[in-house]
Each structure stands twice: as C-alpha cells, then as structure tokens.
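Peer 1: Have a look at this prediction, sequence included:
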Amino acid sequence: MKPEAVSTAVSQDNLEIPLIDFSAFLSDDPATKKSTAQALLAGFQNAGFIYLQNHGISQSVVDNTFAESAKFFARPREEKDQLAWTTPEANRGYSQPGREKVTNADTADDIEKVRALEGADLKESIEIGKQGEPDLPNQWPTDPAGEVFKHQMVSFFDLCKELHFNVMRAIAVGLGIDEHWFDPYCDGGDNTLRLLHYPEVKSDVFKANQNTVRAGAHTDYGSVTFLFQDMAGGLQVLSPKGTFVDATPIEGTIVVNAGDLLARWSNDTIKSTKHRVVEPPTQSEVHPARYSIPYFCHPNHDSIIDAIPGTYSEANPRKYQPVNCGEHLVQRLKATY
Ligand SMILES: O=C(O)CCC(=O)C(=O)O
Ligand SMILES: [Fe+2]
C-alpha cells in the first residue's frame, strides 16, 4: 500500500512520477521515514524523476530567488556580457541568448524572421558555482543591486547544498545502506546553480515550426538536479513509450531528476531520463516568458565514483569502471559548449 506521503504527480504513457512529501522522510518515525525513502528511490528507478513538497526551502526564499533572477536578466545586455561564462573548468558566468546570431541579417523583415525562428530556442542563463575557489571566481555584478543578488544566490546555493545531503540520505535509506553513506561525497558542495530565462515568444513561431523548443532534449550530468520552475509550464519528460509527457508545475513543489553520474554510480538501477522545454499551449499571441532555476548537484569533484553497495551482485555485476567525478563532468561540459 502507498504510504500517505506519496501521491502521483504525472501518470501518462507509462511514465509515473510520484509526488513525495519530504517532511515524512525528515520525520522521526522510522517506518514513515523508510517507506518514504523507498517511494523516492522507486521514483528515480522507474521514471528518473520525482516531485518533492515540503523539501525544507521556504516558499519566500524561493520567491525572492526568482525575483532576484528576473532583476538580473532585466539588466542591459552589456552589463551581463561583462560577466560571461568562460571555461568548462570554471562553469561560471553568463551565457547570452542565441539572438546575437541575427546581427548579420540586414533588413528589418529578415531580422524579424530569424528572430521569430530562433526566438523559440532562445534562453539566457547564468551559472553560479561554490564560492571561495581562487581560480574559479563567480561572476557577480559589482553595483549595490549586484550585492543583493550575490547575497541571495549564495544563501540559496547553501540551502540547496543541504537539500542535496537530505535527498542522498533518502536514496541511501531506500537502498538499505547506511543513511550517511553519501555524506562524504556531498560535503564539498561542488554544485552548480543555474538561473534560466526563456524570453517570451510569439505563438506563430511555434505554429510555423512544430519542432521548435525552448531547450532541446538532454539528460543532466550530475547526481541529482533540483528544478525550481515558475508556473509557465513547458517542461516535458521522455516516457517509456518514447513520447514527451508534460511535467506540469505544481505549486509548492520542486521537480528532482537523477543525472548521468548517479545512473552510472547506481549501476544503472537509477534512470537519468531525457527531458526538454517546449512552449506550453497558449490562447494568446505570445507564449509568456519562463524562468526556471535548476540546481545541479555533483558528488565532490575529487571523489572516485564506483558502484554503490547494493546496486550490483553476482547476477547483476558492475557495468562500469570507477571514474573521477570532476574529470567526468568537465568532459561532458566540453562536449556541450
Ligand atoms: O528550464 C527547465 O525547466 C529545465 C532546464 C534543464 O533541464 C537544464 O537546464 O538542464
Ligand atoms: Fe536538464
């Protein structure tokens, strides 16, 4: 029987994404804790995705973080360009939208056409890593508003780092290994906070080209990703039937998905599932802008990832060689940028 803390967030085309009340895992009752952890793990094993509510980060903190993100993206382009993303090793800084590419179109009509076409793929982002890495500085705006932004993002980063410990503890309990087995892999906080802005897009752009997406299908690289999204919608998850199913925003929840490194670490018992962002259906002329905030958790970069106890046996042997986490991630980023 389903524990009370678990309900269904998405159920379509054999994709079953559970909605888990995480306060039940954080509770003191061992039986509730265990059954909630097992449901969370089952979500990662079956769908690669779960929704979490009562995850411990308050709604007002989340709201403030979105507000600061919107203010950041509203800055003039020149200011943002001064904070540009540099290298896969650093993975910090601002990535401009694809709109720049249109500057070689010279008539207003052509610009509008290209813009219309590329608008749908348009997104801008800023990546923020852990503070205090001398060779890998975060890129902060330096004016007073930039100070407020920095303060908000640094404290949000740390709250998400705490949540990483707790989600990995739930996975450990679900697997039946020591609750703190993953702790020594999480304490480095080698994670990435990404602020994303998808500008508004005219609806006829999407009608003209049904394949246009806001973010193409991909898997994430790390252990788990916490996805904070606004209510605009558009996130879709690949189902076992090969269809993309809407992962509709649910107020007060975050979407959590497993990444490639966790799939590998778990000897492929946990799934890293493809997802994308499309423009949600709209009755109006424009698809509104969308803001989302993924937080990518990574095991400590200097750690070696080898199959987690309990994920392999004689009948189901280890499939992968041990790998250095940091090197693995940089390889992946090099292939992307
Ligand atoms: O914007 C979103 O909702 C998803 C973003 C995403 O999947 C990613 O950045 O990896
Ligand atoms: Fe993603």
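Peer 2: Everything's here; your move. Ligands and ions are numbered 1, 2, ... in the order given.
Peer 1: tell me which parts of the stretch 101-250 of the chain are close to ligand 1?
Peer 2: Residues of the stretch 101-250 of the chain that fall close to ligand 1, judged by C-beta under 6 Å from any ligand atom: R194, L196, A215, D220, L227, Q229, L235. The way it works is simple: take the backbone N, C-alpha and C, and place the C-beta from them, glycine included.
Peer 1: Please repeat the previous calculation with a cut-off of 8 Å.
Peer 2: Applying C-beta under 8 Å from any ligand atom, we find that the stretch 101-250 of the chain lies next to ligand 1 at 123, 125, 194, 196, 198, 214-215, 218, 220, 225, 227, 229, 234-235.
Peer 1: any idea whether the residue in the chain positioned nearest to ligand 1 is helix, strand or coil?
Peer 2: Taking C-beta to the nearest ligand atom as the measure, the chain has S292 as its residue closest to ligand 1, at 3.5 Å. Look at S292: counting by DSSP: H, G, I helix; E, B strand; the rest coil, its state is strand.
Peer 1: now do W181
Peer 2: Quick answer, by three-state DSSP: W181 is coil.
Peer 1: need the contact list for it.
Peer 2: Applying C-beta atoms under 8 Å, 6 or more residues apart in numbering, one finds that W181 lies in contact with A172, I308, P309.
Peer 1: Retrieve the pLDDT associated with it.
Peer 2: Listed pLDDT for W181 reads 98.
Peer 1: What's the separation between it and V278?
Peer 2: To V278, W181 is 38 Å away according to C-beta to C-beta, to the nearest Å.
Peer 1: Over to S7?
Peer 2: In terms of C-beta to C-beta, S7 sits 25 Å off from V278.
Peer 1: Give me the more crowded residue out of the two.
Peer 2: More crowded of S7 and V278, by other C-beta atoms under 10 Å: V278, with 22 against 14.
Peer 1: Run a quick neighbour tally on V237.
Peer 2: Using other C-beta under 10 Å, V237 is surrounded by 24 other residues.
Peer 1: contacts for the helix or strand encompassing it?
Peer 2: Using DSSP states H and E, V237 maps to strand 235-238. Among residues not part of strand 235-238, those counted as contacts by C-beta under 8 Å, 6+ apart are 10, 15, 17, 47-49, 217, 227, 229, 244-247, 249, 255, 257, 273-278, 292.
Peer 1: and those residues, which are buried?
Peer 2: Applying 16 or more other C-beta atoms under 10 Å to these, the neighbour count classes 10, 15, 17, 47-49, 227, 229, 244-245, 247, 249, 255, 257, 273-278, 292 as buried.
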